[in-house]
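Novice: fold the stuff below for me.
(4 chains)
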Number of protein chains: 2
Amino acid sequence: MAPKMTTSSYAVLALLDLKPWAGYELTHQAQRSLRYAWPKSERLLYSEPKKLVELGFASTHQEDLGGRTRNIYTITSAGREALKEWTSTRTQPPRIEIEALLRLLFADHGSREDAFGALDDLEADIGEHHDAIVELMGSYLDGGHPFPDRTHLSVLFATFQIEMFKTIQRWIEFARAEIEEWPTTQDLGMTPRTETLTRLLAQDISPLNPWDDPTPPDT
Amino acid sequence: MAPKMTTSSYAVLALLDLKPWAGYELTHQAQRSLRYAWPKSERLLYSEPKKLVELGFASTHQEDLGGRTRNIYTITSAGREALKEWTSTRTQPPRIEIEALLRLLFADHGSREDAFGALDDLEADIGEHHDAIVELMGSYLDGGHPFPDRTHLSVLFATFQIEMFKTIQRWIEFARAEIEEWPTTQDLGMTPRTETLTRLLAQDISPLNPWDDPTPPDT
DNA sequence: ACACCCCTACTGCAAGTTGCAGTAGAGGTT
DNA sequence: AACCTCTACTGCAACTTGCAGTAGGGGTGT
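Specialist: So this is what the prediction gives:
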């Protein structure tokens, strides 16, 4: 049976529309550029272009590169057609996996140190990405964008990343301060402080920025 | 061979530590409570408790419930032991999949309408979750928490969700305003506006809240 | 009384995805 | 010539998902 186009297939196809790529470069470029929106394994990314060839959305030809024969993948007009159709379909809902939050939700099974540990892990992971994006923006200013015409898109995307990372970082500090006040992780329940927070959240007010306008209720 | 404990297995084990559950209730409670930190399919969640039994981390017994014989799963002391060990291990890095962002990154393959469509999709998906959390907090105030002793944890977790949703919502509005100014989606490159944004991001300053302190550089 | 339908509570299976081990050539080192 | 490391992949088992299918309980219609 003919293989199925997944979102990952379209992501690879979109990269192929920028220029022809060799398998290795395509795979690694995909990991670098899509990591924060569509993280996929090296293994999968290697097999996507083959599927595209099978479907007639890409063609392949041999070329000598780095002293070795490599397959170069090029998008076909059918591929460009398929891409165009894809852009107007409904997107899948976002999917966010954060194990550190899972740990926190079950922090009463462990010590306060375990809870702080989960926050530290999250901070380290986010921090790495945060630094990488800031550095990347520095390189764009020095003319380092691999596809200069697409800088406006990369930068809009990077804005999202930075906002997210800053929000998570602020929340980590907030969470640390909250846990600091807990005598233990267990059986605290609805303390006065928790009630205050719950009341704010129920009114859609950020406990971190209570002066912010809530999203306006329908008046 | 003995099955392997995954993060999902521990998540289910942690739920079993709260009380014994029937398969159906366990599965659906897991989907409800973990959706935003560790989203897993119903199918997987159904098979996890069986694995736990096989590993000796849970026991099962028949009981009559709802006019039908159901398996009730209970955590064992070995299960509690395993949970305790899990809490002190390193968490996996976060993984964030947002197809709408992928579309935006390749918005030059489609029209401005397609780009706005992706933003609308994201707004709708996020909005649903946002409203659900706000409503949930309202129910907590009315004493509606299924495990009242754990309210402090749920509320800390909900704070994270609300912060994230508000940040994403703010960014969506920002992105809409930016794209509004684009004559087309393609080949804009490093416009003066994009350069301004890049410069802010390279200094780790939020373009949405430029008056915010950046994370302090090491002085 | 019996058929029919919907809801609850699952199970089986094919297909998508990941991690990891393994392979194989190019180039440098001892 | 042997050895090692780096690049550039491939094969495979195990994990995960979506979807179709099954099966019992309860209510409604005739």
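Novice: in its sheet, what does the one helix or strand A:Ser59 maps to sit against?
Specialist: If you go by DSSP states H and E, A:Ser59 is part of strand A:58-65. Sheet pairing here is set by DSSP bridges, and for strand A:58-65 it gives strand A:68-75 (antiparallel).
Novice: is DNA strand D contacted by the strand it pairs with?
Specialist: Yes. On the criterion CB under 7 Å from any atom of the strand, strand A:68-75 is in touch with DNA strand D at A:Arg68, A:Arg70, A:Asn71. Yep, even glycine has a C-beta here, placed from its N, CA and C like the rest.
Novice: out of those residues, which end up buried?
Specialist: A:Arg70, A:Asn71 (16 or more other CB atoms under 10 Å in any protein chain shown).
Novice: out of the residues of strand A:68-75 next to DNA strand D, which touch DNA strand C?
Specialist: A:Arg68.
Novice: now do the buried residues in stretch A:46-60.
Specialist: The neighbour-count check on stretch A:46-60 (16+ other CB under 10 Å) flags A:Ser47, A:Glu48, A:Pro49, A:Lys51, A:Leu52, A:Val53, A:Leu55, A:Phe57, A:Ala58, A:Thr60 as buried.
Novice: closest one of the residues of strand A:68-75 next to DNA strand D to B:Asp142?
Specialist: Set against B:Asp142, the nearest of these by CB to CB is A:Asn71 (62.4 Å).
Novice: grab the nearest non-local neighbour of that closest one.
Specialist: Closest residue to A:Asn71 apart from its sequence neighbours, by CB to CB, 6 or more residues apart in numbering or on different chains: A:Thr60 at 5.0 Å.
Novice: that neighbour contacts A:Glu54, correct?
Specialist: No. The pair A:Thr60 and A:Glu54 fails to qualify as a contact (CB atoms under 8 Å) at a distance of 10.4 Å.
Novice: now do whatever residue of chain A ends up closest to DNA strand D against A:Glu195, distance only.
Specialist: In chain A, no residue comes nearer to DNA strand D than A:Tyr24, which is 3.0 Å away by CB to the nearest atom of the strand. Taking CB to CB, to the nearest Å as the measure, A:Tyr24 and A:Glu195 are separated by 56 Å.
Novice: nearest residue to the spatially most central residue of chain A in space, please, no chain neighbours.
Specialist: Nearest to the mean C-alpha position of chain A, by CA atoms, centre = their mean, lies A:Tyr36 at 2.5 Å. In space, and not counting its chain neighbours, A:Tyr36 is closest to A:Gln161: 5.4 Å by CB to CB, 6+ apart.
Novice: which other helices and strands does the one helix or strand the one you found maps to contact?
Specialist: Taking DSSP H and E as the definition, A:Gln161 sits inside helix A:151-180. With contacts defined as 3 or more CB pairs under 8 Å, 6 or more residues apart in numbering or on different chains; DSSP states H and E, helix A:151-180 has these neighbours: helix A:112-141, helix B:99-105, helix B:151-180, helix B:192-202.
Novice: what angle separates it from helix B:192-202?
Specialist: Angle of helix A:151-180 versus helix B:192-202, following axes from the mean of the first three to the mean of the last three CA atoms, to 10 degrees, is 30 degrees.
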